[in-house]
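> Coordinates for the following, if possible.
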Amino acid sequence: MSDRQEHSRRGVLRTAAGVTVGAGIATSVSAAPAAARADGSRKPGQVEVAVLLYDGFTALDAVGPYEALCRVPGVRVTTVAVEAGLVRTDTGELGIAAAKSLRQVHRPDVLVVPGGGQRGTTASMADARILDWIRRVHRYSTWTTSICTGSLILGAAGLLRGRPATTYWASRPYLKEVGAIYTPGRFVES
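Model prediction:
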């Protein structure tokens, strides 16, 4: 691993950890180092962050990391959903626009999967489009992360089998169902 990649990994993780401690509980799964996008549109040294939005996500879990990470020099944060456009939060009262569809985002350096209400999390855990995309981008991401019950979605994608992970306290039993090893704490790095 190059010095730049290691420095970026540490810096991005530190920033994300600071956000997630304030916003909730997080699980971070390290993946392969990211490569430049095929279209060459990435600026040299720029870190690409994709925040997944799905029907029923918790606004704070997506907006908190977005707000912190978009202010870091050299970081570009994009909201992503099955289809670009308005996505409703778990309250149903707030909609946030996904800038890009899953088909448009191929190799982010960092993936952030927010938690959600039971309806949103459960539906996303069963949505093959979301799970396939998570598995694909995870192969290239430097960090694949989740907030709160977002870890259950990572688990449903098969990324947490046999790995330590954490989630919202009431959702602990579901981590075992997806093959993760529940680890108490606000943050778990694996």
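> Tell me what the one residue sitting closest to the centre of the chain is bridged to.
When C-alpha atoms, centre = their mean is applied to the chain, the residue found nearest the centroid is Val112 (1.8 Å). Beta-bridge partners of Val112, counted by DSSP bridges, are Val51, Thr145.
> Where do the helices of this structure begin and end?
Applying DSSP state H to the chain gives helices spanning 3-23, 59-69, 118-125, 128-138, 150-156, 172-177.
> Now for the residue nearest to the centre of the chain: which residues touch it?
Counting by C-beta atoms under 8 Å, 6 or more residues apart in numbering, Val112 touches 16, 49-52, 62, 65-66, 69, 145-147, 150. (Glycine included, C-beta is placed from N, CA and C.)
> how about 6 Å then?
51, 65, 145 (C-beta atoms under 6 Å, 6 or more residues apart in numbering).
> Quick check: it vs Leu52, distance?
As judged by C-beta to C-beta, to the nearest Å, Val112 and Leu52 stand 7 Å apart.
> what about the closest residue to Thr89 other than its chain neighbours, neighbour count?
With sequence-adjacent residues excluded and distances taken as C-beta to C-beta, 6 or more residues apart in numbering, Thr89 is closest to Ala59, at 4.5 Å. Using other C-beta atoms under 10 Å, the number of residues around Ala59 comes to 18.
> Roughly how far does Ala59 sit from Glu93?
Taken as C-beta to C-beta, the span from Ala59 to Glu93 is 9 Å.
> now do Arg71
Looking at Arg71 against Glu93, where the rule is C-beta to C-beta, the gap reads 26 Å.
> In this structure, where is pLDDT below threshold?
Applying pLDDT under 70 to the chain flags residues 1-42.
> ok, now with 50
1-7, 13, 15-24, 32-38, 40 (pLDDT under 50).
> Could you report the neighbour count for Glu83?
12.
> Alright, that wraps it up for me.
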